[in-house]
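Asks: Sequence and predicted structure below; questions after.
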Amino acid sequence: MKKFSFFLICFFLISVFSFGEESKIYLISDFNPSFKNKLIFDLKLEDVYESKLNFDFAILPNKVLFSGVEDIVRYFSFDQAGFEFSYRNPAERNDPYFLINNYNGFTMILDDFLVMTFDEPTLGIVFQEGFLGASFWAKISDISDYRFSLSLSSSNKLGFSLGFYQELEYYFRVGDLLFSLNNKTLESVYIFNSEYSLEYHADTGLLIVNSIFFEKNKENFYFRVPINKNLFLTYSNLGLGISFYLNILRN
């Protein structure tokens with residue numbers, strides 16, 4: 001998986017300079033007791049693919065940090081007639097297992113019906129994405145490890161789903177937000193958006209947020225208050241500082 005992701009990243013970096021007329025590159029630089037930079041590659045080739053990549057590197061008092069391969073791709077969509085290969089690109093779909101699998105790894109979709117996920121290789125069949133939907137999923141390595149869902153949803157991304165796995169799961173979709181309940185308590189939260197993302201799991205307390213204004217990873221957080229479109233006042237667990245947001249490539 002990591003080798004495959006690395007290949008995709010190399011392909012994207014070459015393509016931004018070769019044929020992505022709508023592609024852009026942004027830089028966010030945070031100056032506080034640390035020095036952190038984030039390169040954002042917004043890549044588009046009309047009617048072929050679109051994607052967004054992040055690459056972070058931070059200089060801390062005692063170490064230097066770089067993005068892991070699994071943290072670089074923010075979203076990706078290669079969509080042709082009858083075939084789609086995507087990552088964190090929910091489009092108009094409402095099935096909770098599709099949304100979570102697509103958030104966690106690359107997904108291949110045939111005829112908007114047959115789905116294969118690559119994070120934990122799984123086959124899925126999604127029936128009738130509309131007001132009433134259903135899906136069935138099984139791991140390729142162990143087909144006895146399966147789950148299915150029933151969903152009610154509207155065209156404006158409002159939906160409710162029941163997930164049947166080891167126990168009954170409840171999922172609620174409100175726009176770009178998906179959250180689940182287990183034993184009447186909040187279990188997980190996801191936000192699906194090409195501009196920002198959020199993932200939260202109650203059992204571990206893990207919270208990952210990726211946006212211009214607020215960013216939190218496993219080690220640090222950054223809260224950026226805009227002064228103008230290029231300058232931010234920044235507060236983080238490392239201290240106060242300033243940040244610059246610059247468009248360094250505009251085709």
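Replies: Received, thanks.

Asks: ok, the residue lying closest to Ala138 once chain neighbours are set aside - contacts?
Replies: Leaving aside its chain neighbours, Ala138 sits nearest to Tyr146 (4.0 Å; criterion: C-beta to C-beta, 6 or more residues apart in numbering). (Each C-beta comes from the backbone N, C-alpha and C, glycine too.) Tyr146 sits next to 136-139 when contact means C-beta atoms under 8 Å, 6 or more residues apart in numbering.

Asks: Neighbour-wise, which one of those residues leads?
Replies: Highest neighbour count within those, by other C-beta atoms under 10 Å: Trp137, with 22 neighbours.

Asks: hang on, it packs against Gly124?
Replies: Yes: between Trp137 and Gly124 there is a contact under C-beta atoms under 8 Å: 4.3 Å.

Asks: overlap in contacts of the two?
Replies: Among the neighbours of Trp137, those also in contact with Gly124 (C-beta under 8 Å, 6+ apart) are 97, 101.

Asks: Next, find the distance separating the spatially closest residue to Phe66 that is not a sequence neighbour from Lys216.
Replies: Excluding the flanking residues, the one nearest Phe66 by C-beta to C-beta, 6+ apart is Phe57, at 5.1 Å. According to C-beta to C-beta, to the nearest Å, Phe57 stands 17 Å off from Lys216.

Asks: next one: Gly239
Replies: Look at Gly239 and Lys216: by C-beta to C-beta, they are 16 Å apart.

Asks: what does Phe160 give?
Replies: With distances taken as C-beta to C-beta, Phe160 is found 29 Å from Lys216.

Asks: So these two - more neighbours on which side?
Replies: Lys216 (17 against 14).

Asks: Contacts only, for that one.
Replies: Contacts of Lys216 (C-beta under 8 Å, 6+ apart): 207-209, 222.

Asks: Pick the one among these closest to Leu246.
Replies: Checking the contacts of Lys216 against Leu246 with C-beta to C-beta, the nearest one is Tyr222 at 16.3 Å.

Asks: tell me the SS of that closest one?
Replies: What DSSP: H, G, I helix; E, B strand; the rest coil gives for Tyr222 is strand.

Asks: burial count for it?
Replies: Neighbour count of Tyr222, defined by other C-beta under 10 Å: 26.

Asks: quick one, what contacts it?
Replies: Counting by C-beta under 8 Å, 6+ apart, Tyr222 touches 30, 36, 214-216, 234-236, 243.

Asks: just Asp30 next, same as before
Replies: 36-37, 222, 224, 234, 236, 241-243.

Asks: now do Asp56
Replies: Residues counted as contacts of Asp56 (C-beta under 8 Å, 6+ apart) are 36-39, 65-67, 71.

Asks: measure Gly175 to Ser153 for me?
Replies: 12 Å.

Asks: make that Phe213, sorry
Replies: Counting by C-beta to C-beta, the gap from Phe213 to Ser153 is 29 Å.
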